[in-house]
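Visitor: Predicted model, plus sequence, below.
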Amino acid sequence: MSADPDDRRTPIELENDVARAEKALREAVQEAPWRHKLAGSSVAVWRDGRVVWIPPEEIPVPPWVEPRP
């Protein structure tokens, strides 16, 4: 989420922009597995009531997720 120089809202208005915050969180969550995979790192997920570590070669990444430069 980058600052828009044309955005004239106050810091409080920006902080209360729930839709913008949710969008940024969704994008980050979608991108995280891809970043872990690229870095060769495992990722932890919650499965059947316990934590399971997925090795990088088994991390499923949706085709629409592309890393940011």
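Guide: Here it is on my side, so go on. Numbers count the residues shown, from 1 in each chain.

Visitor: use CA for all of it now, contacts and neighbours both
Guide: OK.

Visitor: buried ones in the helix or strand residue 23 falls within?
Guide: In this structure, residue 23 sits in helix 18-39 according to DSSP states H and E. Using 16 or more other Cα atoms under 10 Å as the test for burial, helix 18-39 gives 30-31, 33-35, 37.

Visitor: got TSV for these, with pLDDT and distance to residue 14 too?
Guide: Output for the buried residues of helix 18-39, formatted as TSV (pLDDT from 0 to 100; distance: Cα to Cα, whole Å):
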residue	pLDDT	distance to residue 14
30	83	23
31	85	23
33	87	28
34	85	29
35	88	28
37	89	33
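
Visitor: Max pairwise distance over the residues you listed: which two?
Guide: Using Cα to Cα, the buried residues of helix 18-39 span at most 12.3 Å, a distance reached by 30 and 37.

Visitor: As a quick check, tell me the outermost residue of this protein.
Guide: When each C-alpha in the chain is compared with the mean C-alpha position (Cα atoms, centre = their mean), residue 8 comes out farthest, at 26.5 Å.

Visitor: per-residue confidence for that one?
Guide: Listed pLDDT for residue 8 reads 84.

Visitor: quick one: it from residue 17, how far?
Guide: In this view, residue 8 and residue 17 are 13 Å apart by Cα to Cα, to the nearest Å.

Visitor: Next: residue 58.
Guide: Distance from residue 58 to residue 17, by Cα to Cα: 36 Å.

Visitor: How about residue 41?
Guide: From residue 41 across to residue 17, the span is 33 Å (Cα to Cα).
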